[in-house]
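Asker: okay, here's the prediction I keep looking at, along with the sequence it came from:
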Amino acid sequence: MAWDPDTYLTFGAERTRPAAELLARVDLDKPARVADLGCGPGNSTALLAARWPGARVDGIDNSREMLAEAGKSGVRAGWIEADLGDWTADAPYDAIFTNAALQWVPDHARLVPRLFGFVAEGGVFAMQVPRNFDEPCHTLLREVAKGKPWEHKFDGVRDWWHVLAPEDYFGLLEPLTARIDIWETRYVQPLSGEDAVYRWMSGTGLRPFAAALDGAERAEFLEAYRSAMARAYPMRESGVTLYPFRRLFLVAKKQ
């Protein structure tokens, strides 16, 4: 199922905020080459281009739809279509930045050290991934997916993506560098409008499940999930829905 940039950017400010907070912890002066892995529609890439106006900035993503949207953004960057699971840098980067992308890529025990290997000496690897998979938006998604008549339609579709515990990431990079900054933040996001959490999930975690179905079956499944979200995340009288969301951040310096 193709990515829909418009759906993804419905909550663009909330999706970009963690990228800005990750970038604020990156201590790097005048890098020559910067990569944004999983750049999506270019919202995070824009932050990198503004922070380092003299750098060559590459936005890398496997979605043609997202790259097409990024190309229309006016951000000063090159756009590269590639799968992050097997992407290889043509030369070392002074900064490799990735915001809410690597959760889609398997085998982080291999992936993260491999990506860190593309960082130049003195450079930085900066990563942010969701760690909210025990929140109702995900636990109820798995529960609804187990129901009839679609219970066997999701074989091979996983919701608990590929994210490890903070201690695991620290252990992966500890032999490679002495400077690792790792932390978690639990945002309590006020989202506006009807079915806010359902609309958020429609742009990310719900996509693989929706793609596994079609026609009336898909519509029935989506309505069951929408109803579950409305009960789990009731809209307040003000029109706001509170959506807790935990994220993991990591900044590692290449010595």
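Answerer: Arrived safely, thanks for sending. On a predicted model such as this, the values are computed, not experimentally measured, just so you know.
Asker: so where do the helices sit in the protein?
Answerer: Taking DSSP state H to define them, one finds helices in the chain at 5-8, 12-24, 43-51, 64-71, 108-116, 136-145, 166-173, 196-202, 207-211, 215-232.
Asker: contact partners of the last one?
Answerer: Outside of helix 215-232, the residues that reach it under the criterion Cβ atoms under 8 Å, 6 or more residues apart in numbering are 136-137, 140-141, 143-145, 147, 149-150, 153, 195, 197-198, 201, 206, 209-210, 213. Backbone N, C-alpha and C define where each C-beta goes, glycine included.
Asker: pLDDT at the residue sitting nearest the centre point of the chain, what is it?
Answerer: The residue lying closest to the centre of the chain (Cα atoms, centre = their mean) is residue 100, at 1.8 Å. Each residue has a pLDDT score; the one for residue 100 is 92.
Asker: distance check, it against residue 142.
Answerer: 20 Å (Cβ to Cβ, to the nearest Å).
Asker: out of everything not next to it in sequence, what's closest to residue 14?
Answerer: Beyond its immediate neighbours in the sequence, the residue positioned closest to residue 14 (Cβ to Cβ, 6 or more residues apart in numbering) is residue 189, lying 5.3 Å away.
Asker: I'd assumed residue 140 was in contact with residue 197.
Answerer: No: under the criterion of Cβ atoms under 8 Å, residue 197 lies out of contact with residue 140, with a separation of 10.0 Å.
Asker: so how far is residue 131 from the residue nearest to residue 14?
Answerer: 15 Å.
Asker: who has more neighbours, those two?
Answerer: For residue 189 against residue 131, the residue with the higher neighbour count under other Cβ atoms under 10 Å is residue 131, and the figures read 21 against 18.
Asker: show me what contacts the closest residue to residue 46 other than its chain neighbours?
Answerer: Sequence neighbours aside, residue 75 is the residue nearest to residue 46 in space, at 4.7 Å (criterion: Cβ to Cβ, 6+ apart). Neighbour list for residue 75: 42, 45-46, 49, 57, 59 [criterion: Cβ under 8 Å, 6+ apart].
Asker: turn the residues you listed into JSON lines, including pLDDT, distance to residue 183 and neighbour count.
Answerer: Conversion of the contacts of residue 75 to JSON lines gives the following (pLDDT from 0 to 100; distance: Cβ to Cβ, whole Å; neighbours: other Cβ atoms under 10 Å):
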{"residue": "42", "pLDDT": "93", "distance to residue 183": "26", "neighbour count": "25"}
{"residue": "45", "pLDDT": "96", "distance to residue 183": "23", "neighbour count": "29"}
{"residue": "46", "pLDDT": "94", "distance to residue 183": "24", "neighbour count": "22"}
{"residue": "49", "pLDDT": "96", "distance to residue 183": "25", "neighbour count": "21"}
{"residue": "57", "pLDDT": "98", "distance to residue 183": "25", "neighbour count": "25"}
{"residue": "59", "pLDDT": "98", "distance to residue 183": "25", "neighbour count": "29"}
